[in-house]
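# Need a 3D model of the following:
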Amino acid sequence: MRGLSELWVLEEPFADVNYYMGTDPIPFGDKAEASLESEERSNQVSIILRDNPENPNAPYPVALYKARTNEVGMVYSETAYLQKQYNNCKNNLERNAGSAFMQEYDRDGTQSLLARYPWTALVTDYKNKKIAREKLKLRGWNNDNSTRGPAVALLAKWIPNAISYTWSKDIIEGIEKLGLENSDEGWALISALILWRHMQNISSRSSDKTEYKEVITSVYEMTPYGPKYVRKRIKIPILGGHEGIVR
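Residues are numbered from 1 along each chain as shown. Take a look at the predicted model:
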């Protein structure tokens, strides 16, 4: 039987490292020959990136998974297993052809392994725009006229920083094919980059906000008759969920 899937591990997983998966899915049920050797149909491709300790702008690929088969259950099982090995990393799935694949996560009760809509990476001036709650509940992203520009721009910024860390000929060739012919590896990489950028934006946004809690405390105040305790309501920052001490 011809091969139906392949996995390249470029770097084994480490604990306490952030990983990001992106997937370019296929519409399962295609009647064309299902084998990696056949060129009659696309591959389903997933790529995992990791944070780069040497350059924060250069997350680099650590794993590449490729499948060409009509067995959606098999591809899901292998993909989810790979995610779990890499610290339960999220999978940012291109939704255009991914409905059957998403259903496998629902069926297995592993929806938490799918990334939510990565809006900060795809919406221009996202800090000043309100996103509908229904859209925030979506999983993955749509590759369409409104998102393709920001998505490809992410890749363009990534290439000069991270291409020297990319040790996969398939991924490099996939980047070269983008815009010229179908590139499953190229779009899987872009999907992973979108998730990485979104998580960086969310982390930065959270760190810019300092939460405060009002508490009542006793402080010294000088009066014409000497110092005395006065109870006042003050605001203190909440750090790490700590709400401060109330006297």
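
# show me where the protein has strands.
Secondary structure of the chain by DSSP state E: the strands cover 5-9, 19-24, 44-50, 60-67, 90-93, 212-223, 226-237.

# in stretch 175-191, what counts as buried?
175, 178, 183-191 (16 or more other C-beta atoms under 10 Å). Using the backbone N, CA and C atoms, a C-beta is placed for each residue, glycine as well.

# quick one: low-confidence ranges for the protein?
The chain contains residues with pLDDT under 70 at 1-3, 29-41, 206-247.

# Not counting its neighbours along the chain, what's nearest the residue nearest the centre of it?
The centre of the chain sits closest to residue 195, judged by C-alpha atoms, centre = their mean, with a distance of 2.6 Å. Among residues not flanking residue 195 along the chain, residue 92 sits closest, at 3.8 Å (C-beta to C-beta, 6 or more residues apart in numbering).

# so the residue nearest to the centre of the chain touches residue 18, yeah?
No: between residue 195 and residue 18 there is no contact, the gap being 10.4 Å when judged by C-beta atoms under 8 Å.

# Tell me how many other residues crowd the residue lying closest to residue 67 once chain neighbours are set aside.
Nearest residue to residue 67, sequence neighbours excluded (C-beta to C-beta, 6+ apart): residue 5, at 3.9 Å. Residues lying near residue 5 (other C-beta atoms under 10 Å) number 17.

# in this structure, which spans are helices?
For the chain, applying DSSP state H gives helices covering 72-85, 99-108, 119-122, 133-136, 148-162, 169-177, 184-208.

# do you know which of those lies nearest residue 56?
helix 184-208 (8.1 Å; C-beta to C-beta).

# And the closest one, what does it pack against?
Under the contact criterion of 3 or more C-beta pairs under 8 Å, 6 or more residues apart in numbering; DSSP states H and E, helix 184-208 touches strand 19-24, strand 44-50, strand 60-67, strand 90-93, helix 119-122, helix 148-162, helix 169-177.

# Quick check: residue 46 vs residue 112, distance?
Residue 46 is 17 Å from residue 112, where distance means C-beta to C-beta, to the nearest Å.

# These two: which is more packed in?
Neighbour comparison, residue 46 and residue 112: the larger count goes to residue 46, with 28 against 9 (by other C-beta under 10 Å).

# Okay then, goodbye and thanks.
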